[in-house]
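K.L.:
need a structure here:
(4 chains, ligands or ions: 4)
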Amino acid sequence: MKKGDIRELLAGDVQADRLVPPSGLTAHLTIFVSGAMAFLAVFALALSLASGRLADRWADELARSATLRISASADQRAVLTEAALAILEQTPGVASARAMTPEEQAALLAPWFGASLPLDSLPVPQLIEVVADGPGYDAEGLRLRLSAEIPGAVLDDHTRWREPLVRAAGSLRTLGVFSVLLIGCAMAAMITLAAHAGLAANAQVIEVLRLVGAQDRYIANAFERRFTLRALIGAAGGMALGVFGVALLPSAGDADGFLTGLGFQGAGWLVPLLVPLLGAGVAFAATRAAARRRLERLQ
Amino acid sequence: MKKGDIRELLAGDVQADRLVPPSGLTAHLTIFVSGAMAFLAVFALALSLASGRLADRWADELARSATLRISASADQRAVLTEAALAILEQTPGVASARAMTPEEQAALLAPWFGASLPLDSLPVPQLIEVVADGPGYDAEGLRLRLSAEIPGAVLDDHTRWREPLVRAAGSLRTLGVFSVLLIGCAMAAMITLAAHAGLAANAQVIEVLRLVGAQDRYIANAFERRFTLRALIGAAGGMALGVFGVALLPSAGDADGFLTGLGFQGAGWLVPLLVPLLGAGVAFAATRAAARRRLERLQ
Amino acid sequence: MAVISLEQVGYSYSGKELLSDVSVDLSPGSFHFLTGPSGSGKTTLIKLCYGALLPTVGRVRAFDADLAALDRDQTALLRRRVGVVHQDCRFLDHLPLADNIALPLIVSGRDMGQENTNLTDLMHWVGLSARADALPPELSGGERQRAALARAVIMSPDVILADEPTGNVDWDMSQRLLKLLVELNRMGKTVLVASHDLALIRAAKNQVQARVLRISEKRLQLAGADL
Amino acid sequence: MAVISLEQVGYSYSGKELLSDVSVDLSPGSFHFLTGPSGSGKTTLIKLCYGALLPTVGRVRAFDADLAALDRDQTALLRRRVGVVHQDCRFLDHLPLADNIALPLIVSGRDMGQENTNLTDLMHWVGLSARADALPPELSGGERQRAALARAVIMSPDVILADEPTGNVDWDMSQRLLKLLVELNRMGKTVLVASHDLALIRAAKNQVQARVLRISEKRLQLAGADL
Ligand SMILES: Nc1ncnc2c1ncn2[C@@H]1O[C@H](COP(=O)(O)OP(=O)(O)OP(=O)(O)O)[C@@H](O)[C@H]1O
Ligand SMILES: Nc1ncnc2c1ncn2[C@@H]1O[C@H](COP(=O)(O)OP(=O)(O)OP(=O)(O)O)[C@@H](O)[C@H]1O
Ligand SMILES: [Mg+2]
Ligand SMILES: [Mg+2]
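P.N.:
Numbering: from 1, shown residues only, chains lettered A, B, ... in the order given. Ligands and ions are numbered 1, 2, ... in the order given. Model prediction:
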């Protein structure tokens, strides 16, 4: 779509506009199809964005935290902890490492022993929280080095119980992207077909206009304007309804930290605006192609 | 739809069938719209069934398991455990209660203390696994009774960390049902509109047939057969593609127990068969209504 | 008993009166011409005769039935006994000409095998044998008109209403078509032909005893000896 | 220089030859009739003249340009200089009659205010003043034909090609329409009228110097003194 095309499209021509029948079933079809598909597309977008967020959060929260456990007698503990922290600090991919305070450890163990646990009197191992940064660290390498230098150190990167969750989040994200693509394609195909059907219904109009000396561009423009507008109106309406519907959906609450709500967040609310633009663009291209094809059949 | 109608519809009439133009854009539109919507409907169904299963499983697994912790000196422990089990057995809504073996407790604590923990030498509390049945038990009442009769007993029913998950599962389920309804309605509306547009495109055929003495039923039947068949073919194709697509989706694996795969399970694979039937039914009703309406305009 | 009779019929399109107090009987086996200036209501009158329009005033009876009292299926059955040539001849554009001409047979469920010679003869008479497989949009104006006449008479109906059946054909062909109508009339069919072609009407009067009706100023009159 | 000239033109529909070796010049200001039996190719010949069909053999020139060499926009511009009355008159069914008649003005971007008296006069002449607001489907057969003629001449084109412009109107009206064409011819327009109505052609020969072309057996001949 060149710049001149858009200007021409917007400029309009009251006379030319009247040449296309104002309404009829195929017009309603275009509007409705655009609307319904835009509505579905907004939901698919919401699903996709939410599952993306979810996958990010799970991957983040789970992949980034690992625990290093140092079991040692009370006198060696402090030394070994220092050594371990030093190693971790040198390890590429580790963002931070922090020895847990006795209070934190007590809180973690509370479900098992109750809050009144005399932690000092127990051979409780020292726990070190390891937070990875972006690409993560080489867990195997780290394990090898730790076992060589610090006896009794065990690195638990939660891989086992994290894996299914991360996989599930990944497949949710795939599903979201997939359904957006699917609905987007279905929307494009249906608007195209509706535009074609609309032009087929107006075959006589096109023929008469051509016979009285209208140029191809003039005829095509009249239809493009009309159908693009219909698709835009339909898709904008469907989009608005969809956004409204998404806003009404029960939110899982962000504070829970585990599952995010289905809605949009922040700038995400602007993403649905793309839907009517896509719809109008598809309608424009489809109408132009169909009109040219029909015209070329007429001498 | 009465029985006679269906028979008539299936019986067909080779002569009458030729009276409806064999194809054209609106025919493709009907087929494509049915197909695309059936495809989406299958995915929505899969999502709905999977989220239903997920919600059930989470609610089940989480709501049913609670832990009773008895902190007591080694000599009192066995007695109090017996007493607690007795109370739990009498509590309505508790399916079973079982004291954990030392090995189980050691396994649970392993992440904290390593596998070689000398559990016997520690003041580790006794844990009792409580499994609720269907409706569940009255947690507050149970707590009161336990605190009265067994000092040091703490019932942890995981409510706090379970709640957001159950809520999330519930909203997933709502979303699934909602999207099935949404796509079902959009499918019905689009097939209706496509059938109407198809009939509008055939206005001249209907007029000519009426003028040469064809009866309303004859004319309507010819179109009903054609459009019902188109919707059926389109929806069956879309359904088949959809089922195929769902079968190809990465499965989160059932063994993980936390998230189920998105596919259908068992008899669930038969549910998509409803989609083409719905499509054909809608097409039949829409065509009949539209044909009658058009005919009534002609004297 | 008249086959079709209009009794004090009036007709208005959205309030504008076009015909008023029209009474006429088409008795069995009669031959009528209907004439009048363009826009005077010839087509409207013919539509009233086969129930495509219902009179706003008065009554139209066909085969002893009040057209306004028939239900839709009865109207359809009536149309199988009345062959109509429409002024704007419409066809099923996806079916070959032969099928279009045989359309009344198809929709009434007649056995096409038996009627086949009839169809062939008729297409030959109207000069369309060579175009049997053509689609209607590929026909010339005159060919369409001839096809419309053939379709109207294929069922051998009791009454034939022809609206300008010769407007687009040359003189020789119009004589040929007229001869077909006269032949059918001799076989006992009732015929009404709307036409503005006075030469055709004069030619017909030599072959058949025809009455000429003229619409003028909303009324139907019997045309004088000038025709 | 001829306004439109056919040079050894042949035309075949999907292999079946309809016209062969047709040569004719329409010189500026000339008046031609085109006649021939139904299906002989009159409409086809007219379509060749304004580029709706391109000849399968030979060449058609209009205003000194080879029609086959024009691009689509040039063809469109050519059509504004050629007014055509189509045999199957088609309109925009959603626009009132007056707009339909003014359609060539609208699509060529002319100022409607200036042309308004012209339109009113023309509609009055063809007897459609009272129907200006009617939609095309509400018109009678003859009214449609008159509207088609009005639409063809509204742009005051250099050439007027009329395909059976009087097939559906009565004698008086056909004389009136003929007079309009003769008037335009006197103003210097080139006119070609296809018609099977020999009476009309004879009447015209009294008013204007017209040549009569006849298609017979694929060839175009000048009709003899019998006309
Ligand atoms: N559906 C309609 N709505 C409004 N007016 C109509 C409608 N149909 C016809 N008319 C008008 O009624 C008048 C008579 O129409 P009709 O077709 O009966 O004329 P006619 O005698 O057959 O003319 P012609 O010889 O031109 O065919 C015309 O002026 C026409 O415009
Ligand atoms: N698109 C087409 N495809 C095939 N054959 C065609 C097509 N258009 C016209 N014909 C055939 O070409 C022949 C000439 O058609 P044309 O319309 O030129 O005749 P005409 O002289 O105008 O006849 P009429 O007086 O009946 O209008 C006819 O036999 C017609 O059936
Ligand atoms: Mg008429
Ligand atoms: Mg012709």
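K.L.:
How much space separates residue C:145 from ligand 1?
P.N.:
From residue C:145 across to ligand 1, the span is 13 Å (C-beta to the nearest ligand atom, to the nearest Å). In this view, the C-beta of every residue, glycine as well, is placed from N, C-alpha and C.
K.L.:
I figured that residue hits residue C:162, correct?
P.N.:
No: judged on C-beta atoms under 8 Å, residue C:145 makes no contact with residue C:162 at a distance of 9.8 Å.
K.L.:
which neighbours do these two share?
P.N.:
The overlap between the contact sets of residue C:145 and residue C:162 (C-beta atoms under 8 Å, 6 or more residues apart in numbering or on different chains) consists of residue C:85.
K.L.:
all helices of chain C, in order?
P.N.:
Under the criterion DSSP state H, chain C contains helices at C:42-49, C:72-79, C:97-101, C:103-107, C:112-125, C:141-153, C:171-186, C:198-205.
K.L.:
My guess is residue C:83 contacts residue C:159. True?
P.N.:
Yes: here residue C:83 reaches residue C:159: they are 7.1 Å apart, a contact under C-beta under 8 Å.
K.L.:
hmm, back to that, now the helices of chain C in TSV, with mean pLDDT and mean neighbour count?
P.N.:
Below are the helices of chain C laid out as TSV (pLDDT from 0 to 100; neighbours: other C-beta atoms under 10 Å in any protein chain shown):
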stretch	mean pLDDT	mean neighbour count
helix C:42-49	95	22
helix C:72-79	92	18
helix C:97-101	94	23
helix C:103-107	91	23
helix C:112-125	83	14
helix C:141-153	93	25
helix C:171-186	91	18
helix C:198-205	89	17
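K.L.:
of residue C:83 and residue C:159, who's got more company?
P.N.:
Between residue C:83 and residue C:159, counted using other C-beta atoms under 10 Å in any protein chain shown, the more crowded position is residue C:83 (28 against 22).
K.L.:
so what's the more buried one up against?
P.N.:
Residue C:83 touches C:104, C:151-155, C:157, C:159-161, counting by C-beta under 8 Å, 6+ apart.
K.L.:
Now do it against residue B:221, distance only.
P.N.:
25 Å (C-beta to C-beta, to the nearest Å).
K.L.:
swap in residue A:180?
P.N.:
Counting by C-beta to C-beta - residue A:180 and residue B:221 are separated by 41 Å.
K.L.:
What pLDDT is listed against residue 162?
P.N.:
By default, I'm working from chain A. If you check residue A:162, the pLDDT there is 58.
K.L.:
that's the wrong chain, I meant chain C
P.N.:
95.
K.L.:
what bridges to it?
P.N.:
Judged by DSSP bridges, the bridge partners of residue C:162 are residue C:85, residue C:193.
K.L.:
Same question for residue C:7.
P.N.:
Counting by DSSP bridges, residue C:7 forms beta bridges with residue C:59.
K.L.:
Give me the neighbour count for it.
P.N.:
Neighbour tally, residue C:7, other C-beta under 10 Å: 17.
K.L.:
pLDDT weak spots in the stretch 101-250 of chain A?
P.N.:
A:108-123, A:134-135, A:157-169, A:171-172, A:249-250 (pLDDT under 70).
K.L.:
residue boundaries of the strands in it?
P.N.:
Secondary structure of the stretch 101-250 of chain A (DSSP state E, counting those that start in this stretch): strands located at A:126-132, A:153-156.
K.L.:
out of those strands, nearest to residue A:79?
P.N.:
strand A:126-132 (10.9 Å; C-beta to C-beta).
K.L.:
Give the other helices and strands that the closest one contacts.
P.N.:
If you count contacts as 3 or more C-beta pairs under 8 Å, 6 or more residues apart in numbering or on different chains; DSSP states H and E, strand A:126-132 packs onto helix A:25-64, strand A:65-70, helix A:74-90, strand A:94-99, helix A:102-113.
K.L.:
run the last query once more with 7 Å
P.N.:
Counting contacts by 3 or more C-beta pairs under 7 Å, 6 or more residues apart in numbering or on different chains; DSSP states H and E, strand A:126-132 is packed against helix A:25-64, strand A:65-70, helix A:74-90, strand A:94-99.
K.L.:
and the third one, what does it pack onto?
P.N.:
Counting contacts by 3+ C-beta pairs under 7 Å, 6+ apart, helix A:74-90 packs against strand A:65-70, strand A:94-99, strand A:126-132, helix A:139-149.
K.L.:
and the third one, C-alpha only, in CSV?
P.N.:
What follows is strand A:126-132 as a C-alpha-only set of coordinates in CSV (Å, rounded to 0.1, in the frame of the first residue of the first chain):
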residue,chain,number,x,y,z
GLN,A,126,23.7,-24.1,56.2
LEU,A,127,21.6,-23.1,53.1
ILE,A,128,22.9,-20.7,50.5
GLU,A,129,20.4,-19.2,48.0
VAL,A,130,21.9,-19.1,44.5
VAL,A,131,20.2,-16.8,42.0
ALA,A,132,21.2,-17.2,38.4
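K.L.:
Between helix A:139-149 and that strand, find me the angle.
P.N.:
150 degrees (axes from the mean of the first three to the mean of the last three C-alpha atoms, to 10 degrees).
K.L.:
doesn't residue C:3 make contact with residue C:26?
P.N.:
Yes: here residue C:26 reaches residue C:3: they are 5.3 Å apart, a contact under C-beta atoms under 7 Å.
K.L.:
Now mean neighbour count too, for the strands of the stretch 101-250 of chain A, in CSV please.
P.N.:
Compiled in CSV, the strands of the stretch 101-250 of chain A are given as follows (neighbours: other C-beta atoms under 10 Å in any protein chain shown):
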stretch, mean neighbour count
strand A:126-132, 19
strand A:153-156, 19
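K.L.:
and chain C, which of its residues are near chain D?
P.N.:
For chain C, the contact set with chain D under C-beta under 7 Å from any C-beta of the partner chain comprises C:37-39, C:43, C:87-88, C:140-143, C:164, C:167-171, C:173, C:196, C:198-199.
K.L.:
at 6 Å what do you get?
P.N.:
C:37-39, C:43, C:87, C:140-143, C:167-170, C:173, C:196 (C-beta under 6 Å from any C-beta of the partner chain).
K.L.:
Return only those of these found close to ligand 4.
P.N.:
Contacts with ligand 4 within the residues of chain C next to chain D, counted by C-beta under 5 Å from the ion: C:140-141.
K.L.:
and which of the residues of chain C next to chain D is nearest chain B?
P.N.:
residue C:87 (12.4 Å; C-beta to the nearest C-beta).
K.L.:
residues contacting that closest one?
P.N.:
C:43, C:163-164, D:141 (C-beta atoms under 6 Å, 6 or more residues apart in numbering or on different chains).
K.L.:
Columns distance to residue C:129 on top of those, output as TSV?
P.N.:
What follows is the contacts of residue C:87, written out as TSV (distance: C-beta to C-beta, whole Å):
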residue	distance to residue C:129
C:43	30
C:163	25
C:164	24
D:141	28
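K.L.:
Next, count neighbours for residue C:15.
P.N.:
Counted with other C-beta under 10 Å, residue C:15 comes out at 6.
K.L.:
who touches it in this structure?
P.N.:
Taking C-beta under 6 Å, 6+ apart as the definition, residue C:15 has no contacts.
K.L.:
hang on, the earlier thing: ok, so of the contacts of residue C:87, who is nearest residue A:213?
P.N.:
residue D:141 (25.5 Å).
K.L.:
ok, that closest one touching residue D:169?
P.N.:
No: Residue D:141 lies out of contact with residue D:169 (C-beta atoms under 6 Å); the separation is 8.4 Å.
K.L.:
any idea how far residue A:139 is from residue A:131?
P.N.:
14 Å.
K.L.:
now residue A:223
P.N.:
For residue A:223 relative to residue A:139 (C-beta to C-beta), the value is 62 Å.
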